[in-house]
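J.: What follows is a predicted protein model with its sequence.
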Amino acid sequence: MRRKSAIPIGTPIRLSKSGIPRLSKFNISKVRWRKLRTAWGQVIPEKRRQEINAATKDFLLLVPAEHSLRPLGESIEHIKRWKEGAEYFLAALTEPGDATSIFYAQYFVQQEFPDLTLDDLHDMVMAYRGACVRATTEASSMAVPGTHRRTWDAWVRRVIDIFEEQGWRATAQKGYGKPSPFVSFFWELQRLIPKKYRRGSTKEALAKEIHLAQCSGPRRTPSSKE
């Protein structure tokens with residue numbers, strides 16, 4: 001079937017505010033940006049500032065759930081129910097029957113959605129079901145008891161990607177001595193988050209944590225500026 005999404009790709013989804021950290025006003029201040037600039041050693045363009053701010057905001061949204069198994073366990077159950085609901089709806093939408101009665105049923109329902117065909121709706125619900133399947137896998141992987149570093153690692157890799165998109169080298173030396181500029185930058189960036197979510201009590205320890213994060217998951221290939 002032809003797929004035509006009624007919701008443009010990239011449109012923000014409004015979530016229920018109940019139980020979710022209040023992050024709508026989170027923003028790295030000008031004073032903090034000056035400290036981050038000093039740590040990095042050069043000017044950080046506005047576009048990259050916005051991306052780093054967004055990455056940090058996403059981290060702060062997700063990390064509380066990773067540190068508490070109960071919300072994640074309940075979230076997985078919610079997602080499973082939503083997936084089952086989508087499957088019931090799809091089954092009802094494609095249930096065989098008298099062609100004429102089905103035609104009129106579709107006709108009367110269609111009047112309420114002039115800009116959305118039932119084929120479009122079917123495709124959207126199929127996509128929603130697939131999203132639930134992937135979300136269940138993602139949430140289940142975060143709910144495993146352990147060191148609770150998955151979200152932190154993803155945050156590090158995302159910031160590294162932002163730097164490399166700018167054409168900068170974001171390296172983390174594992175040995176002792178003067179820390180790399182990126183380690184100094186991330187040391188300052190971590191001061192924006194609660195202490196219980198930080199890693200590395202010294203810059204040397206942070207460098208090791210950043211290196212582990214780089215090795216712990218997939219990295220996208222940044223565009224070359226050479």
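T.: Noted; the coordinates are in hand. Just so it is clear, the structure is predicted and the values come from calculations on it, not from any experiment.

J.: use CA for all of it now, contacts and neighbours both
T.: Fine.

J.: how near is the residue nearest the centre of the chain to I44?
T.: Closest residue to the average C-alpha location of the chain: D58 at 6.1 Å, with Cα atoms, centre = their mean. D58 sits at a distance of 20 Å from I44 (criterion: Cα to Cα, to the nearest Å).

J.: Can you tell me how far the closest residue to K35 other than its chain neighbours is from Q111?
T.: Spatial nearest neighbour of K35, excluding adjacent residues (Cα to Cα, 6 or more residues apart in numbering): E188 at 7.2 Å. If you measure E188 against Q111 using Cα to Cα, the figure is 56 Å.

J.: which of those two has more neighbours?
T.: E188 (19 against 11; other Cα atoms under 10 Å).

J.: pretty sure that one contacts W40?
T.: No - with contact defined as Cα atoms under 8 Å, E188 does not reach W40; the gap is 9.6 Å.

J.: sorry, back to before: and the next helix or strand past the host helix or strand of the residue nearest to the centre of the chain?
T.: Counting by DSSP states H and E, the element that carries D58 is helix 46-66. Helices and strands here follow DSSP H and E; after helix 46-66, the next one along the chain is helix 69-93.

J.: And the helices in the protein?
T.: With DSSP state H, the ranges of helices along the chain come out as 30-40, 46-66, 69-93, 99-110, 118-142, 150-165, 181-190, 203-215.

J.: nearest to T171, of those helices?
T.: Closest to T171 of these is helix 181-190 (Cα to Cα; 6.2 Å).

J.: Counting by contacts, list what the closest one packs against.
T.: Secondary structure elements in contact with helix 181-190, counted by 3 or more Cα pairs under 8 Å, 6 or more residues apart in numbering; DSSP states H and E, are helix 30-40, helix 203-215.

J.: mean confidence for the shortest one?
T.: Along helix 30-40, the predicted local confidence has a mean pLDDT of 95.

J.: Buried residues, it. List them.
T.: Within helix 30-40, the residues scored as buried using 16 or more other Cα atoms under 10 Å are 33, 36, 39-40.

J.: what does the longest one give?
T.: Neighbour-count burial for helix 203-215 flags 203-211, 213-214 (criterion: 16+ other Cα under 10 Å).

J.: CSV for those, including pLDDT and distance to P181?
T.: As requested, these are arranged in CSV below (pLDDT from 0 to 100; distance: Cα to Cα, whole Å):
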residue, pLDDT, distance to P181
K203, 93, 11
E204, 92, 12
A205, 93, 15
L206, 94, 12
A207, 93, 11
K208, 92, 14
E209, 92, 15
I210, 94, 13
H211, 91, 14
A213, 89, 17
Q214, 88, 16
